[in-house]
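Peer 1: Got a predicted model here, sequence first, then my questions.
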There are 2 protein chains.
Amino acid sequence: MKKHAIIVAGGKGSRMDSMQPKQFLLIGGKPVLMHTLEAFHRADASIGILLVLSESYIPHWKELCEKFSFSIPHRIVTGGHERFQSVKNGLDVIEEECLIAIHDGVRPFVSMEIILASYELASKKGNAVTAVKSKDTIRYEEPGVSRSLEREHCYMVQTPQTFLSGQIKEAYAKASHSSFTDDASVLEANGGRIFINEGSYDNFKITTPEDLLLAESLLQKKEARH
Amino acid sequence: MKKHAIIVAGGKGSRMDSMQPKQFLLIGGKPVLMHTLEAFHRADASIGILLVLSESYIPHWKELCEKFSFSIPHRIVTGGHERFQSVKNGLDVIEEECLIAIHDGVRPFVSMEIILASYELASKKGNAVTAVKSKDTIRYEEPGVSRSLEREHCYMVQTPQTFLSGQIKEAYAKASHSSFTDDASVLEANGGRIFINEGSYDNFKITTPEDLLLAESLLQKKEARH
């Protein structure tokens, strides 16, 4: 079955000590987002890549592509105000029945193995949600409720989250609100059962200055190996 | 009220690509554990530091202290097979009524602010559990149950976890099992209500090779500032 990837990069980077949205920050001398697109292209060059960008950053991205002679084929889709709308815009331009991996633009270290396993599991079960066991104890806190959750049952959700196109499109079409923080939750709200694809600790999301520092070190280490 | 800190370093480091338990690995040229003890001493030199070590590593630690001319006063307590027993051994040697911060030996980047705020909150409320909001969506998974938790309600628990000595000793004495992954859960199992002390993303636990890489980069960055 044909494979697509929706790379979501609508963020404006409020948690980072930088004016530049984090998907454009340079790691190893190249924008984060280019590393992410490369990871999918390297995993399988036949994957149809859709990049969702906030409208105001599209010209900037095009300039970057020129500047870095970035040649990986991809289609640009205009994002919405929230992540939900950005993903939906991506889903709307995919017409054929296929497998769709939805991935955060700021997770550049996703491995080929994780990407391929995610499509594989989704082709069998209908979905595959990449996640790793939490290293920390998790507490659930809301007014009047404070409780510790057993660590072995807690997964930190990552991406890619990969779906049969029909199932995820239906879930997005029927969603009653737009404040979901990931796609698995959208599917689940529509009654879907989730299947976990084993992630890895280095498939982290670049969110804070510490993450950027780690990203830079990981790249240096990888380059030193070659 | 007198302040104590129990630094728990009983681990044997199974998740790290290294034969050396992670608390003894060098960062910035010095064992992780020395950075951790220094953080408490720097925050308040009057804190009575108890270091819980697995019996087999006590001679190694003493050699390291000599080698690195490590002069921060501390008392060594022999650990148990599980974290629970190690903490309990630490609690058992503290006789006076005081505030006790329990801290992971492999969280060397705990700031002075977090340590002092933790004692302060515990002196008012009886306990203070350091935690930060999760950056990732958390899923709770067990056979037959798979559900997404709202990110804004999920905290990743860190240390220090600080308590009035009487309350935590009672909770440890009455605990019905020993598989707790943190001290807040022990208190909670005894009916205690937990109070959150705001942590930080760089107060992370050195668990994986990526963590070690980040630790090294953070230290280099800090040194460059001085």
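Peer 2: Looks like it came in fine.

Peer 1: close to chain B, is the top strand by length along chain A?
Peer 2: Looking across chain A with DSSP state E, the single longest strand is strand A:154-164. Yes - using CB under 8 Å from any CB of the partner chain, strand A:154-164 reaches chain B at A:154-158. All C-beta spots, glycine's among them, are computed from the backbone N, C-alpha and C.

Peer 1: repeat for stretch A:198-217
Peer 2: Yes - residues of stretch A:198-217 contacting chain B under CB under 8 Å from any CB: A:201-202, A:204-205, A:207-208, A:210, A:213-214, A:216-217.

Peer 1: list the buried ones in that stretch?
Peer 2: Buried residues in stretch A:198-217, counting neighbours by 16 or more other CB atoms under 10 Å in any protein chain shown, are found at A:199-217.

Peer 1: follow-up on the earlier one: I'd like the residues of strand A:154-164 next to chain B as JSON lines, with neighbour count, distance to A:Met112 and pLDDT appended.
Peer 2: Below are these laid out as JSON lines (neighbours: other CB atoms under 10 Å in any protein chain shown; distance: CB to CB, whole Å; pLDDT from 0 to 100):
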{"residue": "A:Cys154", "neighbour count": "24", "distance to A:Met112": "27", "pLDDT": "93"}
{"residue": "A:Tyr155", "neighbour count": "25", "distance to A:Met112": "22", "pLDDT": "94"}
{"residue": "A:Met156", "neighbour count": "24", "distance to A:Met112": "21", "pLDDT": "94"}
{"residue": "A:Val157", "neighbour count": "25", "distance to A:Met112": "20", "pLDDT": "95"}
{"residue": "A:Gln158", "neighbour count": "25", "distance to A:Met112": "15", "pLDDT": "97"}
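
Peer 1: What is the nearest of those to B:Gly29?
Peer 2: Closest approach between those and B:Gly29, by CB to CB: A:Met156, at 31.8 Å.

Peer 1: Now the closest one: closest residue in space that isn't a chain neighbour?
Peer 2: Distances taken as CB to CB, 6 or more residues apart in numbering or on different chains place B:Asp136 nearest to A:Met156, at 4.1 Å, with adjacent residues excluded.

Peer 1: Now do the contacts for the one you found.
Peer 2: Residues near B:Asp136 by CB atoms under 8 Å, 6 or more residues apart in numbering or on different chains: A:156-158, A:205, B:151.

Peer 1: and those residues, which two are the farthest apart?
Peer 2: The two members of the contacts of B:Asp136 with the most space between them (CB to CB) are A:Gln158 and B:Arg151, at 13.2 Å.

Peer 1: A:Ser148 is in what secondary structure piece?
Peer 2: strand A:145-149 (DSSP states H and E).

Peer 1: What residues sit buried inside that strand?
Peer 2: A:146, A:148-149.

Peer 1: filter those residues by proximity to chain B?
Peer 2: Within the buried residues of strand A:145-149, those near chain B by CB under 8 Å from any CB are A:146, A:148-149.

Peer 1: which one of these sits closest to A:Ser54?
Peer 2: Relative to A:Ser54, and with distances defined as CB to CB, the nearest of these is A:Leu149, at 34.5 Å.

Peer 1: about what we covered before: of the buried residues of strand A:145-149, closest to chain B?
Peer 2: Ranked by distance to chain B (CB to the nearest CB), these are led by A:Ser148 at 4.3 Å.

Peer 1: okay, now the closest residue in space to the closest one that isn't next to it in sequence: neighbour count?
Peer 2: Nearest non-adjacent residue to A:Ser148, counting by CB to CB, 6+ apart: B:Ser185, 4.3 Å away. For B:Ser185, the neighbour count with other CB atoms under 10 Å in any protein chain shown is 26.
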